[in-house]
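1. I would like to see how this sequence folds:
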Amino acid sequence: MDIYTDGFPGNSNNINQGAIPFVTNLRQDVLTNTNFFTARWTGLYMQLGLMTIPANGEAGLDMLINSDQFYYIEQGTALVIMGMSQEYLNFQTQAYKGFSIFVPSGTWHNILNIGNINLKMFLTIAPPFLPYNTNFEKTEDWIPAKYY
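-> Below you'll find the predicted structure:
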């Protein structure tokens, strides 16, 4: 449940909070998120997103030119792959609940759910990459080229 403040109208558990002060139970947000991606908070210099990747699914191979990313796994098992080109993904490791993943800008990466339950995690993107209030219900809704 969010902690509400009288001076900042609009605090609600159902929408991206935008660039206002915000406090929430992040673990609860992550575990109850059913969308592939939900923008939970978007500030001027950072964005918080929630992700759910179904069993045998993946985030999708991607690279952000001007944004660093930080992922934290709350549930599930992932195979993390990264590299300096799409053809040379030389970094591969497994990650589990409680693991963090740091993706420097300019690094190709993908996160695959190799477990038999939904992979649930949050991520921060700094500076923000996706527009305010971006939500993708399913993996198929994510079209990276639209945002480049």
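
2. if I look at residue 35, how far off is residue 52?
-> Here the criterion is CB to CB, to the nearest Å. By it, residue 35 lies 6 Å from residue 52. Any C-beta I mention is one placed from the backbone N, CA and C, and that applies to glycine too.

3. which one of those two has more residues nearby?
-> Comparing residue 35 with residue 52 by other CB atoms under 10 Å, the one with more neighbours is residue 52, at 24 against 15.

4. list the buried ones in stretch 45-64?
-> 46-53, 57-60, 62-64 (16 or more other CB atoms under 10 Å).

5. closest to residue 79 out of these?
-> Ranked by distance to residue 79 (CB to CB), the buried residues of stretch 45-64 are led by residue 58 at 8.8 Å.

6. find the nearest non-adjacent residue to the closest one, please.
-> Spatially, and ignoring its direct neighbours in sequence, residue 58 is nearest to residue 112 (4.4 Å; CB to CB, 6 or more residues apart in numbering).

7. contact partners for the one you found?
-> When contacts are counted by CB atoms under 8 Å, 6 or more residues apart in numbering, residue 112 touches 53, 57-59, 78-81.

8. contacting residues around the closest residue to residue 121 other than its chain neighbours?
-> Computed as CB to CB, 6+ apart, the closest residue to residue 121 that is not its neighbour in sequence is residue 73, at 4.7 Å. For residue 73, the contact set (CB under 8 Å, 6+ apart) comprises 95-101, 119-121.

9. ditto for residue 84
-> Residue 84 neighbours (CB under 8 Å, 6+ apart): 106-108.

10. that older thread, among the contacts of residue 73, which ones are in strands?
-> In this view, the contacts of residue 73 that belong to strands under DSSP state E are 95-96, 100-101, 119-121.
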